[in-house]
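Q: Prediction below, plus the sequence it came from.
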Amino acid sequence: MMRAVALLLALCLSALPARAERLDVPADPGALAAALARAAEGDTLTLAPGRHAGPVQIDTPLTLTGAPGAVIDAGGQGSVVTVAASDVTVRGLTLVNSGRSPETLDAGVKLTKAARRAQVLDNDIRGNLVGVDIHGARDARVAGNRIEGLRLRRMNDRGNGVYVWNAPGAVVENNEIRYGRDGIFSNTSRDNTYRGNLFRDLRFAVHYMYTNDSRIEDNVSIGNHLGFALMYSDRIVARGNLSINDRDHGVMLNYTNSSDIYGNVVTGGGTEKCTFVYNAHRNLLAENTFHGCEIGVHFTAGSERNTITGNAFIGNRTQVKYVGTRDVEWSYEGRGNYWSDHPAFDLDGDARADSAYRPNDLMDHILWSQPSAKLLMGAPAVQLVRWSQAQFPAARTGGVVDSYPLTGAPLPELPESYQLLARATPLWAEGE
């Protein structure tokens, strides 16, 4: 009887999970690969300061971390760290020198489809083709990393800071991403959140393609070719983002539908268009500030049923560029937008101007459709046409109309830290 009880107790103890261990890994040749081969589920591998040979693959749920100065160097081959198990954390490491194959998307960290709930936290990821490749991994989190991409001569030969492909539930937050191609390239995914990231000296800060039901919040784009490019995506919330000195556009909606673009600030320093809206439908653009661009918003290609209200258009050379044959109302429930060039009165004190705002006239339409007509800009006939259209409403062509323009809107104060970064000359202005 006692023997049976002892046997039963031994079986129960053997069924308990092994106790997780901390394994210290010296910076010796082959030590990291050997430690990963013998690690058990739940273990923590702590790398000593120094250079550890990569590339490496993690096939067990564990934590890979390091003391300050711990570097994994892939030697120009493959991805530095490939995660092929669930519940893996990669934290506090310097990850460098991946391969440069665009076919295999060599990366600082590659999260495969098996890497569910992976966490990539507080790493220094630089000199890799792609910073972090979330390739089919569900519910991944990439946070607090400093990612510096390649500065190859051809921008299209560079990889992205974070590449998200078919990765529902991915959260990318509080990272600093610089150089390379796009800061975050999100493709064929859904239910993603990108917030609190800082992007500099890139092509696009955030590039959306076929990514639905997702959020872009409180990100900062400084000195990129384009800030936030939302393309072929539906039901997006873009809220509280900041674009400073981006070259082409601050925000672009291209085939984007049923989305909320709310409370964003675009301030130009050579920016061509604060916002470009192309074939985008049923969107809300509200409470945004568009400041100091060549064009405040370029609205084109039959975009329909959009609600545009509460925005501030301040100091743009051309507030709106829109060519149409019928009027498009830019107000909602008696509340329009603020236009810094609208000289109107508010006699009843309701914070609404007493006259409607029409940003474009017949000559604008002619100049945009026939660029050679700019040679006549100073001709008296042009001024006569503009005066006549202002005096006789029946002569007006279709276009944007704000029937309830606002009489005031403050220009948001930029945080001092971002003002300092914005004073640096962006790479695009230096010809790189």
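A: Structure received. Residues are numbered from 1 along each chain as shown.
Q: Can you check which strand is longest in this protein?
A: Counting by DSSP state E, the longest strand found in the chain is strand 204-212.
Q: Pairing partners for it, with directions?
A: strand 184-190 (parallel), strand 226-231 (parallel) (DSSP bridges).
Q: Please identify the pairing partners of whichever helix or strand comes after the last one and their relative orientation?
A: Taking DSSP states H and E as the definition, the helix or strand that follows strand 226-231 towards the C-terminus is strand 237-239. Based on DSSP bridges, the strands next to strand 237-239 in the sheet, each with its direction, are strand 215-217 (parallel), strand 260-262 (parallel).
Q: low-scoring stretches of this protein, by residue?
A: Applying pLDDT under 70 to the chain flags the ranges 1-18, 301, 324-325, 361-398, 432.
Q: Apply 50 and report the result again.
A: Scanning the chain for pLDDT under 50 picks out the ranges 5, 13, 15-16, 362-363, 366, 368, 373, 386-387, 391-392, 394-395.
Q: contacting residues around the nearest residue in space to Gly269 that is not next to it in sequence?
A: The shortest distance from Gly269 to any non-neighbouring residue, by CB to CB, 6 or more residues apart in numbering, is to Asn245 (3.9 Å). The way it works is simple: take the backbone N, C-alpha and C, and place the C-beta from them, glycine included. By CB atoms under 8 Å, 6 or more residues apart in numbering, the contact set of Asn245 is Ile222, Gly223, Thr267, Gly268, Gly269, Gly270, Thr271, Ala422, Pro426.
Q: Pull the most distant pair out of these.
A: Thr267 and Pro426 (13.6 Å; CB to CB).
Q: burial count for Ser399?
A: For residue 399 the amino acid is Gly, not Ser. 21 (other CB atoms under 10 Å).
Q: Could you shift the numbering so residue one becomes 14, and keep it that way?
A: With the count now opening at 14, the last piece we talked about shows up as Gly412.
Q: Which residue, other than its chain neighbours, is closest to it?
A: Nearest non-adjacent residue to Gly412 (CB to CB, 6+ apart): Asn373, at 4.7 Å.
Q: So that neighbour sits against Tyr335, correct?
A: Yes: between Asn373 and Tyr335 a contact is recorded at 6.2 Å, counting by CB atoms under 8 Å.
Q: Quick check: neighbours shared by those two?
A: With CB under 8 Å, 6+ apart as the test, Asn373 and Tyr335 both reach Gly412, Val413.
Q: would you list every one of the helices in this structure?
A: Assigned by DSSP state H, the chain shows helices spanning 15-28, 44-51, 375-382, 393-404, 429-436.
Q: how near is the residue nearest to Gly282 to Gly349?
A: Distance, Asn258 to Gly349, using CB to CB, to the nearest Å: 28 Å.
Q: before we move on, what about Ser316?
A: From Ser316 to Gly349 the distance is 18 Å (CB to CB).
Q: And the closest residue to Asn329 other than its chain neighbours, how close does it get to Ala422?
A: Once flanking residues are discounted, Asn329 sits nearest to Gly309: 3.8 Å by CB to CB, 6+ apart. Distance of Gly309 to Ala422, computed by CB to CB: 13 Å.
Q: Same check on Glu189?
A: 31 Å.
Q: Pull the contacting residues for Gln332.
A: Gln332 touches Ile308, Gly309, Val310, Phe326, Trp352, Ser353, Asp354, Pro372, counting by CB under 8 Å, 6+ apart.
Q: Derive a ChimeraX selection command for the buried subset of those.
A: This is how ChimeraX selects the buried members of the contacts of Gln332, with burial counted by 16 or more other CB atoms under 10 Å:
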select :308,309,310,326,352,372
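Q: Closest one of the contacts of Gln332 to Asn110?
A: Ile308 (42.4 Å).
Q: Correct me if wrong: that closest one contacts Lys334.
A: Yes: under the criterion of CB under 8 Å, Ile308 makes contact with Lys334 at 5.1 Å.
Q: can you list residues touching both of the two?
A: Lys286.
Q: contacting residues for the nearest residue to Trp441 once chain neighbours are set aside?
A: Spatially, and ignoring its direct neighbours in sequence, Trp441 is nearest to Arg260 (4.9 Å; CB to CB, 6+ apart). By CB under 8 Å, 6+ apart, the contact list for Arg260 reads Asn237, His238, Leu239, Gly283, Thr284, Glu285, Pro439, Trp441, Ala442.
Q: which two in those residues are spaced the farthest apart?
A: Leu239 and Ala442 (14.5 Å).
Q: The two: which is more packed in?
A: Leu239 (25 against 13).
Q: hang on, the more buried one packs against Ala218?
A: Yes: between Leu239 and Ala218 there is a contact under CB under 8 Å: 7.3 Å.
Q: Which neighbours do the two have in common?
A: Asp259.
Q: From Phe212, how far out is Val185?
A: Val185 is 11 Å from Phe212, by CB to CB.
Q: err, Gly236, not the other one
A: Gly236 is 9 Å from Phe212, by CB to CB.
Q: Cool, thanks, signing off.
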